[in-house]
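*Asks:* can you look at this prediction? I've put the sequence above it.
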Amino acid sequence: MVLRIRFGTGPKVGKKPRRNQRLALAVASLLTPAAALTAVLALWRVAADLNWTGSFAISAGFFSHWQVWLAAAALLQFCARVLNRYGKTGQSAASG
């Protein structure tokens with residue numbers, strides 16, 4: 001006696017189509033200037049510590065340290081790069 005078990009067709013294995021690529025590119029294009037702005041704030045804080053400029057706008061608290069602003073700039077730029085790579089995958093070289 002032969003017993004056969006029939007399974008239904010499962011999901012296709014492979015890459016799923018990516019959604020929101022245009023949105024990812026739009027957000028990435030806004031994150032790069034935001035990263036530049038936070039880097040300028042970090043430089044302003046360093047210059048204020050060296051008495052090259054006037055006092056920094058935020059004198060106390062977490063955001064009064066230049067390291068926080070520099071880390072935020074690096075994080076924003078990293079996110080912009082990741083979103084750019086996500087948004088540009090699957091495009092041919094001629095289209096963009």
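*Replies:* Done, it's in.
*Asks:* grab the nearest non-local neighbour of L25.
*Replies:* G87 (3.8 Å; Cβ to Cβ, 6 or more residues apart in numbering). From N, CA and C alone the C-beta is placed, and that goes for glycine too.
*Asks:* give me the pLDDT value at the one you found.
*Replies:* The score at G87 is 89. That number is its pLDDT.
*Asks:* before we move on, what about F78?
*Replies:* F78 is assigned a predicted lDDT (pLDDT) of 97.
*Asks:* so what's the residue count around it?
*Replies:* The local packing of F78 (other Cβ atoms under 10 Å) involves 12 other residues.
*Asks:* any idea whether it is helix, strand or coil?
*Replies:* helix (DSSP: H, G, I helix; E, B strand; the rest coil).
*Asks:* over to K12?
*Replies:* Quick answer, by three-state DSSP: K12 is coil.
*Asks:* below-threshold pLDDT in this structure: ranges please.
*Replies:* 13-18, 90-96 (pLDDT under 70).
*Asks:* the residue nearest the centre of the chain and T89: what is the separation?
*Replies:* With distances taken as Cα atoms, centre = their mean, C79 lies nearest the centre of the chain, 1.2 Å away. Using Cβ to Cβ, to the nearest Å, one gets 16 Å for the distance from C79 to T89.
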